[in-house]
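Enquirer: sequence and predicted model, in that order:
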Number of protein chains: 2
Amino acid sequence: MTTLRAQKKRQTRKSILQAAIRLFTEKGFEQTSIEELARAAGIGKGTIYGYFATKQEIFLAFCEEEIDYVFKHMDEEVDPEAPLLEQIVALSMAQFDFVTANREFGRLFCREIAFPRESMADKSRELDAQYLGRVMQIIQRAQQRGELHADADPLLALANFHAFYLMVISGWYGGYFGTREMVATMLRALCRQSLIGWSNGDPGTAPDQKVMDQIKAPFAEMNPAALDLQEDDL
Amino acid sequence: MTTLRAQKKRQTRKSILQAAIRLFTEKGFEQTSIEELARAAGIGKGTIYGYFATKQEIFLAFCEEEIDYVFKHMDEEVDPEAPLLEQIVALSMAQFDFVTANREFGRLFCREIAFPRESMADKSRELDAQYLGRVMQIIQRAQQRGELHADADPLLALANFHAFYLMVISGWYGGYFGTREMVATMLRALCRQSLIGWSNGDPGTAPDQKVMDQIKAPFAEMNPAALDLQEDDL
DNA sequence: AGTCGAATTCGACTGCGGTCGACATTATCC
DNA sequence: GGATAATGTCGACCGCAGTCGAATTCGACT
C-alpha cells in the first residue's frame, strides 16, 4: 500500500533535488538561497525542512546524485588489468577531476566528506564508501594476482592510498600544488614509493623530476625557519 | 613615530583577540556572535570588520594564539634522538590531541587548514607550516644520522607523513577510528609500513593486532558491496 | 591654534538559514 | 460518510554575519 501521502512526498523530494541540481549548477551552492530553491521546486520555504534538516544536507544529497553519475563513467576508464599503481592513480585522479571541476563546490564537498559534522557522518561515510570500495576492490584484485604481498594488509593499503589522495587534494586547495600535473605527479610518487614496500617487483616508473622540482621550489626555505614568535603581549 | 592611531589600533586588535579567546573557549565559536564579541571587546559591531574581514578570520587568529602556546610545550615532549617513527607519531599525536581537545573546534580548524578558501590560503599555510616545519626537521635529522636512506627525498617523506596525519584525523571525524588508541595505532602502522621502504634496518615494532582488528571490524562488508544504485528516476 | 582630508567607529539595515505555530490535507476508525 | 488524529504545508518571524553611510577622531599642514 503506497499511500497517496508517500507518493507525494517522494515527488516533492525529487522536485527539490531537481531544483537543487539546476540552481547549484547554474549559480553555485552559496549563491542559492533556500527560498529560491523552494520557489523553483514549487513549494514554500518551510516545507523544505520537512525533507532536509539543513542546507548542507541538500548539498550532500545533490552530491550523491552527481557522484552516482560520475562513478558509472569512472568504472569504464580504469583498466582492471593495469598495474596497481596505474589503477590507483587513475581512479584517484578521476575523483580529483570530478571534485575540482568546480573549485568552490569541491572545497565544500571535501570539507563535508573529510571532516563531517556529527549529524552528517553517516551520509558522508556512505558517500566516500563509493570511492573507498573501489580502491579496495583494486587492491584485492592486485593481491589476488600476486602483485601485492600475500600477507599485506588490504585495509592498511586502503588507508595508505586514501591518505595520499586526501593529502594531494588538500595540497591543491592549500596552493601547494598549482596544477593538475603536479597533483598527479605527487600522487604517483607517493604511491610508487609506498609500493616499493608493499609489492613484488617493479612498482612503476619514477616520477618526472622536472615536475617534482617545480613542486619543491616553494619549500626551499622550510628548514628551521618556522619559528618566529611575535612579542607584543600585554 | 608610533602615532596615537597605530597604538590604538593595536590595542583594539588585542582586545578583540582577548575577548575571542575568552568567549570562544567559554561558549564555543559558533555560539559566540560578532555582536557579543564586540561588546566584550568594548567596541561596536562594525568596528570588528575594520580588523577582520570575516568571522573565520577571527577564528584563525584565535588558533594562531593557541597553537603558538601549544607548540612551545610540544617541542619539549618530542625526543630528538628517538627513532624517526617514534618522533613522527609523538608529534602527530600531540597535534591530534590539541586539535581534538574540543571536537567542534577541531573540525572547524581542520576544515580551514586542509581545505582553505582562497582568501584564507595564506593564513592557513602559515599555520600548518608550524607543523610541517617540525616534521621536516625530524626527517632531516633522521636522514643526517643515517636512519633514512641518504637519497630519500625529504619533501616526499614529509608529504607522506603529512598524508597519514590528515587521514587519521579525517578518519577520526568520519567515525572510522573511535578512540585515540585506534588513531595512534593506525598512524603508527602506516608510518611503520612506509618506513620499511624508506629506512635502513628495523623501522619499529609492529602494531597491536587487537587494536587493528578493532579498526577493521566495521569494514568487514566493504568488498564489492558499495554498488547498489537506486532506480526511481523521472 | 585652526582647518581640512583621511582614517576609524558605530549601529541601523540587509539577506539568509532555520524555527514556529496556525492552517490544510490525508489517513483511520466507528 | 463523518469525526478525529496524524501528517504536511506555509510564510511570518528570529538571530546572526556582514554592509553602509553618517558621524567622529586624528594627523598634517599652514
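Expert: Alright, I've got the coordinates. Residues are numbered from 1 along each chain as shown, chains lettered A, B, ... in the order given.
Enquirer: going forward, measure contacts and count neighbours with C-alpha atoms only.
Expert: Noted.
Enquirer: which residue ranges form the helices in chain A?
Expert: A:4-27, A:34-40, A:45-48, A:55-77, A:84-100, A:103-114, A:121-144, A:154-174, A:180-198, A:209-216 (DSSP state H).
Enquirer: which residues touch stretch A:101-113?
Expert: Applying C-alpha atoms under 8 Å, 6 or more residues apart in numbering or on different chains, the contact partners of stretch A:101-113 are A:28-29, A:60, A:63, A:99-100, A:120, A:124-125, A:127-128, A:173, B:111, B:115-117, B:174.
Enquirer: shaky segments in chain A?
Expert: Counting by pLDDT under 70, the ranges of chain A that qualify are A:1, A:4, A:200-202, A:221-234.
Enquirer: and with 80 instead?
Expert: A:1-6, A:197-204, A:218-234 (pLDDT under 80).
Enquirer: how about the residues of it by DNA strand C?
Expert: Applying C-alpha under 7 Å from any atom of the strand, one finds that chain A approaches DNA strand C through A:3-6, A:30-35, A:45-46, A:49, A:53-56.
Enquirer: repeat that with 10 Å
Expert: Counting by C-alpha under 10 Å from any atom of the strand, chain A comes close to DNA strand C at A:1-9, A:29-38, A:44-50, A:52-59.
Enquirer: how many neighbours does residue A:10 have?
Expert: 13 (other C-alpha atoms under 10 Å in any protein chain shown).
Enquirer: quick one on the thing from earlier: just send the helices of chain A back as CSV, with distance to residue B:208 too.
Expert: As requested, these are exported to CSV (distance: least, C-alpha to C-alpha, whole Å):
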stretch, distance to residue B:208
helix A:4-27, 46
helix A:34-40, 49
helix A:45-48, 48
helix A:55-77, 36
helix A:84-100, 28
helix A:103-114, 26
helix A:121-144, 22
helix A:154-174, 13
helix A:180-198, 19
helix A:209-216, 36
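Enquirer: any chance of a markdown table for those, columns distance to DNA strand D?
Expert: What follows is those, written out as a markdown table (distance: least, C-alpha to the nearest atom of the strand, whole Å):
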| stretch | distance to DNA strand D |
| --- | --- |
| helix A:4-27 | 6 |
| helix A:34-40 | 8 |
| helix A:45-48 | 3 |
| helix A:55-77 | 13 |
| helix A:84-100 | 23 |
| helix A:103-114 | 15 |
| helix A:121-144 | 21 |
| helix A:154-174 | 19 |
| helix A:180-198 | 30 |
| helix A:209-216 | 32 |
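Enquirer: wait, which of these is closest to residue B:73?
Expert: helix A:154-174 (26.6 Å; C-alpha to C-alpha).
Enquirer: tell me the buried residues in that closest one?
Expert: Within helix A:154-174, the residues that count as buried by 16 or more other C-alpha atoms under 10 Å in any protein chain shown are A:154-174.
Enquirer: chain B next: which of those residues are close?
Expert: For chain B, the contacts drawn from these by C-alpha under 8 Å from any C-alpha of the partner chain are A:155-156, A:159-160, A:162-164, A:166-167, A:170-171, A:173-174.
Enquirer: picking that back up, ok, of the contacts of stretch A:101-113, which come out buried?
Expert: The buried subset of the contacts of stretch A:101-113 - by 16+ other C-alpha under 10 Å - is A:29, A:60, A:63, A:99-100, A:120, A:124-125, A:127-128, A:173, B:111, B:115-117, B:174.
Enquirer: name the nearest residue to residue A:34, ignoring sequence neighbours.
Expert: residue A:45 (6.6 Å; C-alpha to C-alpha, 6 or more residues apart in numbering or on different chains).
Enquirer: residues contacting residue A:24?
Expert: A:31, A:32.
Enquirer: so it versus residue A:59, what's the distance?
Expert: Going from residue A:24 to residue A:59 by C-alpha to C-alpha, to the nearest Å gives 9 Å.
Enquirer: one more: residue A:5?
Expert: Residue A:5 is 25 Å from residue A:59, by C-alpha to C-alpha.
Enquirer: those two - which one has more neighbours?
Expert: Taking other C-alpha under 10 Å, residue A:5 and residue A:59 do not tie; residue A:59 has more neighbours (20 against 9).
Enquirer: ok, that one to residue A:88 distance?
Expert: Counting by C-alpha to C-alpha, the gap from residue A:59 to residue A:88 is 27 Å.
Enquirer: same check, this time on residue A:81
Expert: Taken as C-alpha to C-alpha, the span from residue A:81 to residue A:88 is 12 Å.
Enquirer: between the two, which is the more surrounded one?
Expert: residue A:88 (24 against 12).
Enquirer: residue contacts, the more buried one?
Expert: Residues counted as contacts of residue A:88 (C-alpha under 8 Å, 6+ apart) are A:135, A:138, A:161.
Enquirer: what's the domain layout of chain A?
Expert: When chain A is parsed with automatic domain parsing, its domains come out as A:8-52, A:56-215.
Enquirer: pick the most deeply packed of those domains.
Expert: For these, the largest average neighbour count (mean count of other C-alpha atoms under 10 Å in any protein chain shown) is found in domain A:56-215, namely a mean of 18.
Enquirer: mind putting the domains of chain A into a markdown table with distance to residue B:15?
Expert: Listed next are the domains of chain A as a markdown table, based on distance: least, C-alpha to C-alpha, whole Å:
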| stretch | distance to residue B:15 |
| --- | --- |
| domain A:8-52 | 32 |
| domain A:56-215 | 30 |
